[in-house]
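> Quick one, fold the following:
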Amino acid sequence: MRKIVFLILPLVLLLGCGKNQNDKDDAVLKKYISDNGLNAVAEPNGLYYVETLAGTGGSPTSASTVTVNYTGYFTDGRIFDQSRAGSPVQLSLSGTIGGWQEGIPLMKKGGKAKLLIPSVLGYGAYGNGTIPGNTCLIFDIELVNYQ
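Coordinates of the predicted model:
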């Protein structure tokens with residue numbers, strides 16, 4: 001019986017912490033939306049989507065190769081990554097963070113959107129390079145093309 005308790009307790013604590021982080025992320029993103037007067041659509045997975053320019057034609061899937069212009073920044077406005085002006089980036093969407101895999105398929109070719117990404121769909125608890133763990137991310141994305 002003691003072994004079962006020791007195995008279940010860490011799992012309960014882990015799941016409880018995850019929900020708490022999701023709640024924190026949601027509060028951060030809702031504040032960003034409010035502070036910036038955005039009309040964002042909440043997706044079931046915690047992603048918020050703001051269409052800034054409607055595209056035309058079809059939409060990519062999470063398995064598509066996409067060509068995009070983008071700027072990634074923190075909720076305080078500091079840019080951490082961006083494509084070069086006039087040089088869109090081509091990449092396999094399946095190799096990107098969950099927020100891109102979920103958000104870019106909501107776009108149509110030629111469209112522009114702002115993705116507000118909770119940490120669980122970004123770089124999670126551990127972060128990546130200059131991105132700290134448990135950090136919400138904002139991306140302005142233009143879907144130039146996809147295949």
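
> and Gln147, how far is that from Thr75?
Counting by Cβ to Cβ, to the nearest Å, the separation of Gln147 from Thr75 is 33 Å. Just so you know, the C-beta spots here come from the backbone N, C-alpha and C atoms, and that holds for glycine as well.

> For the closest residue to Gly99 other than its chain neighbours, list the residues it contacts.
With sequence-adjacent residues excluded and distances taken as Cβ to Cβ, 6 or more residues apart in numbering, Gly99 is closest to Ile117, at 3.3 Å. Residues near Ile117 by Cβ atoms under 8 Å, 6 or more residues apart in numbering: 47, 97-99, 103, 136-139.

> Mind doing that once more with 10 Å?
25, 29, 45-49, 72, 97-100, 102-103, 123, 135-139 (Cβ atoms under 10 Å, 6 or more residues apart in numbering).

> Quick one: the strands in this protein, in order.
Using DSSP state E, the strands of the chain run over 41-42, 48-53, 65-73, 79-82, 89-92, 112-117, 137-146.

> what residue ranges in this protein score low on pLDDT?
1-19 (pLDDT under 70).

> Met107 against Tyr70, yeah?
No: counting by Cβ atoms under 10 Å, Tyr70 is not a contact partner of Met107; they are 11.6 Å apart.

> quick one, which of those two is more surrounded?
Shown here are Met107 and Tyr70; by other Cβ atoms under 10 Å, Met107 has more neighbours (24 against 18).

> now the helices: where do they sit in this structure?
2-35, 98-103 (DSSP state H).

> returning to that earlier point: can you work out which residues contact both of Met107 and Tyr70?
Common neighbours of Met107 and Tyr70 (Cβ under 10 Å, 6+ apart) are 115, 141-143.

> Contacts only, for Ser62.
92-94, 96, 98, 100-102, 104-105.

> can you rerun that using 7 Å?
93-94, 101, 105 (Cβ atoms under 7 Å, 6 or more residues apart in numbering).
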